[in-house]
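**Q** output the structure for:
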Amino acid sequence: MRLEFIEGTSKKFWEAKLDGTALHVKWGRIGTDGQSKTHQFDSAKEAREEHDALVQEKTKKGYVRTDAPKEPPREPNLEAAMFEGLLRGDAAPALVYADWLQSHGNAWGELITVQHALEKKPKDKALQKREAALLKPLPMPDAKLGTVTWKWGCIDSLHVFNEQDWMDESYDVMVMLRPILDLPHCGGLRELRTGVIRWDSNEEDVPATLKEAGQRPLGKYVRRLFLGDKPSDVDMDHHTIGDVRALSKLFPNLEALKLTSGAASWSGRTNFEFGPLKLPKLKSLIIETCGLSSVRAKQLTSSTLPQLEELEVWCGSKDYGANAKAKDLLPILTGPIFPKVRKLGLRNNEFTDELIPALVKSKLAGQLEVLDLSMGTLGSEGIKVLVANAAKFSSLQRLDVSQSYVSKDDEKALRKAFSVPIDCSDQKTVDEDYPSRYVSVHE
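**A** Numbering: from 1, shown residues only. All right, here's what the predicted structure looks like:
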């Protein structure tokens, strides 16, 4: 990057180049070779942060970048109309913009038409070859660091992770992320997903990824946000997504949100904060955790989600920070604070039986289409209350009590009372090895 400052008799330049953990800087009077210096850092992230700070400092002093690549022509109104069309599933605005782009020599227009044509002819080899050629110059992520999906010339979803080496603390996700987010093709991004980026610093990387994406205009188009994808063999308690409370402001039009995180209870740190959420369009919220504390439960029950139709909450084990009790979740049932919920999951908790009396009295009971009480400690006490009040669940279409403590007699009673599909698979038992009831995902 080269910046120049010209004012009066002063004519200076400043250049910077990143190379892994090294930052090469050069400066002097325009027309001379100037001076140079190389700064070494412990990580690529530190080098990039210093680079960005210096660029910001020079820009404030009046330096102007002179080597920025020339942007091909674009038309903001047609572009915005295309992104809105993507949300509706309407290709017409994209094809109109494609015509404009092609008439002004922008290859993006051809990519739009080629990908639209591929929807009708997905096996057309000529179209496939042309698409590959048009995508080749773009800064796409390495397959081990991220994936993207496309829709009519636009990046529709972006998945950020690190399967190359998530133990590498020097890895800087911004090196991969920023060039993708800078693409005009990413301006209408509808889905953002994160996985494990750096094992010991994921609680830093996930919020940083959200900030980097959400502070751009694309934030208003994101409709689906999934944070915390992890391999099945990874203990949840060791996997955290950090403080993501800013997501309501960064992505105000979300319709689906999934948070998967432990709380790193073993470290003594607090690495999972998400609310209160204020998302007026959110329809689906899933919180998968083994560490739902009373504080986090309050973050949920204090949220403003007027359009919520699907809610799934995992609690976990008190041995791993899940100190929330039945009373902390009761506002979901007794309010109800989310009056439009039709699919309810109260899963993986140590007090399932205690929730049932409030559930059968709730205004939600008559409108629930799906009720999921799996992976927790539901037993005969709760089953008896459900059976006695089966008539209150007049809209129910599916009941899940798998991975619980449902006896054969309890199962028979449930199936007799509820004429809907019931999942009673993989029941747990209390015995000498496991004398107390336990949740399915406790760490």
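
**Q** only C-alpha atoms for contact and neighbour calcs from this point on.
**A** Fine.

**Q** mind listing the helices for the chain?
**A** 44-60, 76-88, 92-103, 108-120, 125-135, 173-182, 202-214, 247-250, 294-301, 326-334, 352-361, 380-388, 408-417 (DSSP state H).

**Q** now do the strands in the stretch 251-400 of the chain.
**A** 256-260, 272-273, 284-288, 310-314, 343-347, 370-372, 398-400 (DSSP state E, counting those that start in this stretch).

**Q** quick check: closest non-adjacent residue to L396.
**A** Leaving aside its chain neighbours, L396 sits nearest to E369 (4.1 Å; criterion: C-alpha to C-alpha, 6 or more residues apart in numbering).

**Q** next one: E204
**A** Using C-alpha to C-alpha, 6+ apart, the closest residue to E204 is G242 (6.4 Å).

**Q** okay, now the one you found: neighbour count?
**A** 24 (other C-alpha atoms under 10 Å).

**Q** what's the answer for E49, then?
**A** For E49, the count of nearby residues is 13 (other C-alpha under 10 Å).

**Q** and if you look at the one 10 residues further on?
**A** Other residues lying near T59 total 15 when counted by other C-alpha under 10 Å.

**Q** per-residue confidence at it?
**A** Note for T59: predicted pLDDT of 90.

**Q** how close does it get to A81?
**A** According to C-alpha to C-alpha, to the nearest Å, T59 stands 33 Å off from A81.

**Q** likewise for G316?
**A** G316 is 45 Å from A81, by C-alpha to C-alpha.

**Q** for T32, same thing?
**A** When distance is defined by C-alpha to C-alpha, T32 is 48 Å away from A81.

**Q** so between these two, which is more surrounded?
**A** Between T32 and A81, A81 has the larger neighbour count (other C-alpha under 10 Å), namely 15 against 10.

**Q** what's near enough to touch that one?
**A** Counting by C-alpha atoms under 8 Å, 6 or more residues apart in numbering, A81 makes contact with 93-94.

**Q** number of residues surrounding the nearest residue to K144 once chain neighbours are set aside?
**A** Among residues not flanking K144 along the chain, E163 sits closest, at 4.9 Å (C-alpha to C-alpha, 6+ apart). Look at E163: counted by other C-alpha under 10 Å, it has 16 neighbours.

**Q** who's in contact with E163?
**A** If a contact means C-alpha under 8 Å, 6+ apart, then E163 has 144-145, 196 as its contacts.

**Q** and for L250?
**A** 210-211, 214-215, 219-220.

**Q** which of these are buried?
**A** 210-211, 214, 219-220 (16 or more other C-alpha atoms under 10 Å).

**Q** of all those, which comes closest to D328?
**A** Distance to D328 across those (C-alpha to C-alpha) is lowest for L210, with 28.5 Å.

**Q** hmm, the closest one is touching S248, no?
**A** No - with contact defined as C-alpha atoms under 8 Å, L210 does not reach S248; the gap is 10.7 Å.

**Q** between those two, which contacts overlap?
**A** Common neighbours of L210 and S248 (C-alpha under 8 Å, 6+ apart) do not exist.

**Q** circling back: distance to R48 added to the strands of the stretch 251-400 of the chain, as JSON lines?
**A** JSON lines is the format used below for the strands of the stretch 251-400 of the chain (distance: least, C-alpha to C-alpha, whole Å):
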{"stretch": "strand 256-260", "distance to R48": "29"}
{"stretch": "strand 272-273", "distance to R48": "26"}
{"stretch": "strand 284-288", "distance to R48": "33"}
{"stretch": "strand 310-314", "distance to R48": "38"}
{"stretch": "strand 343-347", "distance to R48": "42"}
{"stretch": "strand 370-372", "distance to R48": "46"}
{"stretch": "strand 398-400", "distance to R48": "49"}
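
**Q** among those strands, which is nearest R437?
**A** R437 lies closest to strand 343-347 among those, at 14.0 Å (C-alpha to C-alpha).

**Q** check which residues of stretch 26-42 are buried.
**A** Here stretch 26-42 shows 26-28, 41 as buried, counting by 16+ other C-alpha under 10 Å.

**Q** now, which of those residues lie within strands?
**A** Using DSSP state E, the members of those that fall in strands are 26-28.

**Q** domain ranges for this structure?
**A** Listed domain ranges for the chain are 2-65, 74-137, 275-443 (source: automatic domain parsing).

**Q** residues in contact with P73?
**A** Going by C-alpha under 8 Å, 6+ apart, P73 touches 101, 104-106.

**Q** oops, could you answer that again for G321 instead?
**A** 263, 265, 290-293.

**Q** top of those residues by neighbour count?
**A** C290 leads the contacts of G321 on contacts (other C-alpha under 10 Å) with 31 neighbours.

**Q** my guess is that one contacts W314. True?
**A** Yes - if you go by C-alpha under 8 Å, C290 and W314 touch, sitting 6.8 Å apart.

**Q** show me whatever sits in contact with both of the two.
**A** N348.

**Q** partner strands of the lengthiest strand in the chain, parallel or antiparallel?
**A** Taking DSSP E as the criterion, the chain has its longest strand at strand 10-19. Here strand 10-19 is paired, per DSSP bridges, with strand 2-7 (antiparallel), strand 22-29 (antiparallel).

**Q** could those go into JSON lines alongside mean pLDDT and distance to F418?
**A** Putting the strands paired with strand 10-19 into JSON lines (pLDDT from 0 to 100; distance: least, C-alpha to C-alpha, whole Å) gives the following:
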{"stretch": "strand 2-7", "mean pLDDT": "90", "distance to F418": "71"}
{"stretch": "strand 22-29", "mean pLDDT": "93", "distance to F418": "66"}
